[in-house]
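Colleague: predicted model follows, preceded by the sequence.
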Amino acid sequence: MKLTMWIGRETWERVDPNEEKVETGPMGNCVSCVAVNGKDVRGFHGAGGIKAINFTELKRAVMDVAMAKIFVVFNGNYDVLLNQIKEIIDEEAFAFIEWRLYESSDAIIWRNGNVTHNGSNNPLPCRMRFISSLMPKPLVKKIPPPPPGLPPSARAAKGIPPPPPGKPGSRRPI
């Protein structure tokens, strides 16, 4: 089955139980998702990104269970996608779905869980895999304090007050 891109689509396409694969079709700036829960397989080609996909339908269909998976195929900014997935998880209160992220311009998601590039059939590496409730938190970079021996002009430029006289790092005479 090949997913169709419809702008303004509201429902996921159901995949026939006899189908072994789902093709995303050319991606551009779109994101395609395939949700698998046993024999219930649904696909959605989100025109314009993952926020165009109706995840409320998955919540109503009781897809947020252990062993359920969402295969996300994207061809864009990875960090933006992760932030949007975090928003979706929070909005829909997903807890159990396993998310698998793949970067490709055109992919095939096989019922057995393999993901390949459409055309070459080469396997695609999974960029990230996580359970909704265990989604990795974004890394917060801590800025280290400046070294103690900065000249006064550098300290002033960074808004750092001069050290008290006689302390290490001071250039003032004792």
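Modeller: Done, it's in.

Colleague: am I right that residue 91 falls within a strand?
Modeller: No: secondary structure assignment places residue 91 outside any strand; it is helix (DSSP: H, G, I helix; E, B strand; the rest coil).

Colleague: got a list of what it touches?
Modeller: For residue 91, the contacting residues are residue 55, by C-beta atoms under 8 Å, 6 or more residues apart in numbering. Every C-beta, even on glycine, is put in place using the N, C-alpha and C of the backbone.

Colleague: go again with 10 Å.
Modeller: 55, 56, 59 (C-beta atoms under 10 Å, 6 or more residues apart in numbering).

Colleague: cool, and residue 5?
Modeller: Residue 5 is in contact with 24-28, 30, 32, 44-48, 52, counting by C-beta under 10 Å, 6+ apart.

Colleague: if we go to 6 Å?
Modeller: Residue 5 makes contact with 45, 47 under the criterion C-beta atoms under 6 Å, 6 or more residues apart in numbering.

Colleague: give me the beta-bridge partners of it?
Modeller: When bridges are called by DSSP bridges, residue 5 pairs up with residue 45.

Colleague: does the residue sitting nearest the centre point of the chain sit in a helix, a strand or a coil?
Modeller: What sits nearest the mean C-alpha location of the chain, by C-alpha atoms, centre = their mean, is residue 82, with 2.8 Å. Under three-state DSSP, residue 82 falls in the helix class.
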